[in-house]
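Novice: Okay, here's the prediction I keep looking at, along with the sequence it came from:
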Amino acid sequence: MASVKVEQLRKAFRNVEAVKGIGFAVEDGEFFCLLGPPGAGKTTILRIIAGLEKPDQGEVYLGGERVNDVPPMERDVAMIFEEPALYPHMTAYDNLAHPLRLRKLSKTEIDRKVREVAEVLHITHLLERRPDAFSGGERRRVAIGRALVRRPRVLLLDQPLTDLDAWLRQEMTGELKRLQRETGQTMIYATHDFEEAVTMADRIMVINEGTVEQLGTPDEIYDRPRSAFVASFVGSPSMNLIPCQAEFQDGGLVLSCAAFRLPLTKRVGADLTSRELLLGIRPEHVNIVEGAGEEGIAATVDIVQPLGDEQIVDLSLKDGTVIKIIVPLEIELAPADELMVDFDQDRLSLFDARSEKRIEW
Amino acid sequence: MQTETNKGVTTARIVETRKLGPALRFVLALIVAIIVLLPVIWILSISFKPVEEWKADPPTLLPRRPILDNYKILFRIGNPVGTVREMVSSAEPVNRAFLNSLIIAPISTVASVLIGFCAAYAVSRYQVGGNFMPFFTLTTRMFPPAAFAVPLLFYYSWILRNYLKIDLYDTHLGLILMYTGFTVAFSLWMMKGFIDAVPRHVEEAAILDGASPWRVLFTITLPLVKGGLFATTLFVFILNWTEFLLALEFTSREAITVPVQISRYATAVGEFYGPKAALGIIASIPVVIAGYLIQRHLVTGFTFGMVRE
């Protein structure tokens, strides 16, 4: 087990810069998640840590030791690829034993370790068979087993669950989390699925187009997105972003949008009046105002999507802006219903419309 | 009503095809088999025919009086008589040609496949030579061998001999070098196809497991392209075993190969069909054996299940 640190990482393929100066530190035994859309540079970062790719610039440290010049086979890093990449000509047993045999362990020790890992991953019954007979989930288990069996210093997972069925993915995320807790294995997990990241990660780094958007705990990233990108990328459905301006009125600040004016109840420290803003509000932080005569924002129901005990409702505001809200299923709504909504102001995010950076207020 | 009728017709047709299916397929297969096998049966039959039956009219499918003389003539066993004796004296015994072919074809095949595999690995995994080089190797196959047979002959028998004091004309090495050179493009391209089909991640996983590049090559890549390697070997071996033009041009006595030997059984008196056929049969034995040995490896079954579904 070891910590991982990268500094000022840069990597370009032909003329495309995949990673533009990324740095972060993963603690020993941490479950660290790289979250970003396809093409954000996640895979490249993992491959650089593994040594499969040489960075154009920047340093990679494993357990405090600089490993830029250490070849991949000597780094003691395991990686699970998007495809399980098992050795098709070997049985599951031989797949698991492969890294151990390379380390010249004794036969009995290899056997003990292989069976131990197989037990943990529930693949004992597959050991004598070849991967071509396995289901997608079984292949992944074997791939994870092959990575875990030698207790690598760091385990890198490159979107290992993307093409699995939803139920299987859920099962595997739970299992991975459990494994990580039991073994204390340092893991770096790349995914574009926020839910996967949230359920497993101790900390998440959101990246986009090769740069870091935000690094923090899942809660921080969800509640206080540092940029409009993070706000819209994280969460499903994503945060509503509404262009607006701030004005003084009756001694308080008012957010003025095309469809509504929202007086701010809190005192504001930052200077908001001189710039274009984006108001960010998560769907679950929009409430429907009950009873006539209450203050609120007028909206019309467009689409209702029931979702178990909740429903996602698309509302169009006066100017045609569409926002999504999540409300309990008990509230009966139908398309074309008129209603009033209210924003939970404690959960409101504001972004500078030009830089798309969060404004603390 | 309409649909009802249509349905009836369709069902009837299906039943009909099903009934006809196996019978029709058998007849078709039989026709194909006859077309493919007839020359083989014909040559086998001729090889056992006495001289008066070679060109009998009407032709006979099976020899009326099967003899082994044609085979004996090849190896100069016994004492042939009459015209046959006259014809035979013009050709060398077949032993030398057969031995030459058994040396030249396998060695150039192994060399070609070995070089081709290494080149294909470099091209596939390290993009050596970019897009140009792999394609450029194909230029050796872009014009007929006859086009460079003469310049090469000039090179072998004049420049190399006179200026570098290397004599490659009518030698094993001379043909081996040429055969290797002419087939290496096939080896490269066939092997490149098979190596490309091995997912990179599988090799990378092995590297991260702690295996050195050589070890990855021998324990992961090679076993996975084994079928392709055998297929390529067989293909190149057949090319080398049956090559005629260059062998004819570059050998005269010492290094002649079986195809050249076959051409020798013709004289002013006439074509020497019996021994020709007999040598044809003997010449195909190594290829049949090679094919039989390799057959079970030709299944590329291992690639199944490696790719994402």
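Specialist: Great, that's in hand.

Novice: Which part of chain A gets nearest to chain B, residue-wise?
Specialist: Taking Cβ to the nearest Cβ, chain B has its nearest neighbour within chain A at residue A:132, 3.0 Å off. Every C-beta, even on glycine, is put in place using the N, C-alpha and C of the backbone.

Novice: unless I'm mixing things up, that residue is touching residue A:89, no?
Specialist: No. Here residue A:132 does not reach residue A:89: they are 9.6 Å apart, not a contact under Cβ atoms under 8 Å.

Novice: Which one of these two is surrounded by more residues?
Specialist: Using other Cβ atoms under 10 Å in any protein chain shown, the more surrounded residue of residue A:132 and residue A:89 is residue A:89, with 21 against 15.

Novice: Next up, phi/psi of that one, please.
Specialist: phi -90, psi 10 (degrees, to the nearest 10).

Novice: Assign the residue of chain A closest to chain B to helix, strand or coil.
Specialist: Assigned by DSSP: H, G, I helix; E, B strand; the rest coil, the conformation of residue A:132 is helix.

Novice: Look up how far residue A:81 lies from it.
Specialist: 17 Å (Cβ to Cβ, to the nearest Å).

Novice: what does residue B:163 give?
Specialist: Going from residue B:163 to residue A:81 by Cβ to Cβ gives 56 Å.

Novice: ok, those two, which is more surrounded?
Specialist: Between residue B:163 and residue A:81, residue A:81 has the larger neighbour count (other Cβ under 10 Å), namely 22 against 8.

Novice: Number of residues surrounding the closest residue to that one other than its chain neighbours?
Specialist: Of all residues not flanking residue A:81 in the chain, residue B:201 sits nearest, at 4.4 Å (Cβ to Cβ, 6 or more residues apart in numbering or on different chains). A count of nearby residues for residue B:201, using other Cβ under 10 Å, gives 21.

Novice: hang on, residue B:201 in a strand?
Specialist: No. If the criterion is three-state DSSP, then residue B:201 is helix and not within a strand.

Novice: wait, doesn't it sit right on residue A:88?
Specialist: No. Taking contacts as Cβ under 8 Å, residue B:201 lies outside contact range of residue A:88: 11.7 Å.

Novice: how close does the residue nearest the centre of chain B sit to residue B:245?
Specialist: Nearest to the mean C-alpha position of chain B, by Cα atoms, centre = their mean, lies residue B:238 at 1.5 Å. Here the criterion is Cβ to Cβ. By it, residue B:238 lies 16 Å from residue B:245.

Novice: Which segments of chain B make up each domain?
Specialist: B:2-88, B:94-303 (automatic domain parsing).

Novice: And those domains: which comes nearest residue A:113?
Specialist: Minimum separation from residue A:113 across the domains of chain B (Cβ to Cβ) falls at domain B:94-303, 13.6 Å.

Novice: Average pLDDT for that closest one, rounded please.
Specialist: For domain B:94-303, mean pLDDT rounds to 87.

Novice: Next to chain B, which bits of chain A? Give me the list.
Specialist: A:50, A:52, A:72-79, A:81-83, A:85-89, A:98-99, A:102-103, A:130-134, A:136, A:143, A:146, A:150, A:163 (Cβ under 8 Å from any Cβ of the partner chain).

Novice: Pull out the buried members of those residues.
Specialist: The neighbour count (16 or more other Cβ atoms under 10 Å in any protein chain shown) marks A:50, A:52, A:72-73, A:75-79, A:81-83, A:85-89, A:98-99, A:102, A:130-131, A:134, A:136, A:143, A:146, A:150 as buried among the residues of chain A next to chain B.

Novice: Quick check: the gap between the residue in the stretch 1-150 of chain B that chain A sits nearest to and residue B:184.
Specialist: Taking Cβ to the nearest Cβ, chain A has its nearest neighbour within the stretch 1-150 of chain B at residue B:127, 11.9 Å off. Distance, residue B:127 to residue B:184, by Cβ to Cβ: 19 Å.

Novice: between these two, which one's more packed in?
Specialist: Neighbour comparison, residue B:127 and residue B:184: the larger count goes to residue B:184, with 21 against 11 (by other Cβ under 10 Å).

Novice: so which strand or helix has the more buried one?
Specialist: helix B:172-196 (DSSP states H and E).

Novice: any bit of that helix sitting next to chain A?
Specialist: No. Applying Cβ under 8 Å from any Cβ, one finds helix B:172-196 out of contact with chain A, separated by at least 13.6 Å.

Novice: show me where the stretch 51-200 of chain B has helices.
Specialist: With DSSP state H, counting those that start in this stretch, the ranges of helices along the stretch 51-200 of chain B come out as B:51-54, B:69-74, B:82-88, B:94-126, B:132-137, B:145-154, B:161-163, B:172-196, B:200-209.

Novice: same question but for the stretch 1-150 of chain A, I mixed them up
Specialist: For the stretch 1-150 of chain A, applying DSSP H, counting those that start in this stretch gives helices covering A:42-50, A:92-102, A:107-121, A:136-148.

Novice: Of all those, which one comes closest to residue B:196?
Specialist: Comparison of those against residue B:196 by Cβ to Cβ identifies helix A:42-50 as nearest, at 19.9 Å.

Novice: OK, contacts around residue A:1?
Specialist: Applying Cβ atoms under 8 Å, 6 or more residues apart in numbering or on different chains to residue A:1 gives the contacts A:28-29, A:151, A:153, A:184-186.

Novice: are any of those residues buried, and which?
Specialist: Buried among the contacts of residue A:1 by 16+ other Cβ under 10 Å: A:29, A:151, A:153, A:185-186.

Novice: what sits against residue B:252?
Specialist: Contacts of residue B:252 by Cβ under 8 Å, 6+ apart are B:169-170.

Novice: Looks to me like it is in a strand.
Specialist: No. Counting by three-state DSSP, residue B:252 is not part of a strand but coil.

Novice: Backbone torsions only: list them for it.
Specialist: With angles defined as degrees, to the nearest 10, residue B:252 sits at phi -130, psi -40.

Novice: residue boundaries of the strands in the stretch 101-250 of chain A?
Specialist: With DSSP state E, counting those that start in this stretch as the criterion, the stretch 101-250 of chain A has strands at A:154-158, A:187-191, A:203-208, A:211-216, A:240-249.

Novice: With mean pLDDT and mean neighbour count added, can I get these in TSV?
Specialist: As requested, the strands of the stretch 101-250 of chain A are exported to TSV (pLDDT from 0 to 100; neighbours: other Cβ atoms under 10 Å in any protein chain shown):
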stretch	mean pLDDT	mean neighbour count
strand A:154-158	93	25
strand A:187-191	94	26
strand A:203-208	94	23
strand A:211-216	94	19
strand A:240-249	89	17
